[in-house]
Structures are given as C-alpha cells and as structure tokens.
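In: build me a model:
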Amino acid sequence: QVQLVESGGGLVQAGGSLRLSCATSARIFSSLVMGWFRRAPGKEREFVAAISRSGARTYYADSVKGRFTISRDNAKNTVYLQMNSLKHEDTAIYYCAAEDNYYTTYTRQAEYDFWGQGTQVTVSS
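Out: Take a look at the predicted model:
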C-alpha cells in the first residue's frame, strides 16, 4: 500500500505562488508515475500535471501550462507542484496520485491506484 500525504496548500492572492508537496514512505517511489489532480467547487476532478518515473518527462493540462511545474526528488520520495501566476479559477482541492502501471497515458484518473487526502488551495481575486 502506498500512502501519499500532501502539504503546502493555503490562501494566496491572485498572481501569487504556492508549492505543493506530496510525500510517501513507499520504497518503490522511483517506480511510480506521479500526478496531480484537482477538484474545483461544483466541478469534477481533473488532471493537472504528471511526471514520469525518472522525472525526464512531464505533462500538463492546457489550463496550467507555463504557470505550473511538476518535479520530483526520488531520494526524498517526494513530488512537488510549483504553482505560479495563480488565478481565482485555480481554487480547488489538489490531490496527489500515484500509479505503477507499465503502460500509462499519465493523464487518466482511472490509471492511478493511490491517492492522497487532498490539500485546499484558495486563490482570492
């Protein structure tokens, strides 16, 4: 079982920045594809960003491309989401997720096996 714990959420003004972290004690962290998803009020959960096992490849939703950066530190068993130029519409609960499938699209929620409890990000306009 892989347990994921997010941190770093909070309240920020539009145009500001936040960095989310997701830590796990799993010894297999380097074999996991990691992703971030979010659920805005009244909306379904959606893909935000994902990163390959080595960190060499990253994927982003169009809505965050150029503003958000996903990265990972396999030595620390941690994945990060740096969020810059935040907008009111980025307000959501952000979830960290992990998968260990051999084949993956990186963006489909159904492929992710493990989920964190979520961290609230609120951007005031």
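In: the spatially most central residue of the chain: what secondary structure?
Out: In the chain, the residue lying closest to the centroid (C-alpha atoms, centre = their mean) is Trp36, at 2.2 Å. Put simply, Trp36 is strand when judged by DSSP: H, G, I helix; E, B strand; the rest coil.
In: pLDDT score for it?
Out: Predicted confidence (pLDDT) for Trp36: 98.
In: now it. Nearest residue, chain neighbours left out?
Out: Val48 (4.3 Å; C-beta to C-beta, 6 or more residues apart in numbering). (Glycine included, C-beta is placed from N, CA and C.)
In: residue contacts, Ser124?
Out: Going by C-beta atoms under 8 Å, 6 or more residues apart in numbering, Ser124 touches Leu11, Val12, Gln13, Ala14, His88.
In: only whichever of those are buried, select them in PyMOL.
Out: Filtering the contacts of Ser124 down to the buried ones (16 or more other C-beta atoms under 10 Å) takes a single PyMOL command:
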select buried, resi 12
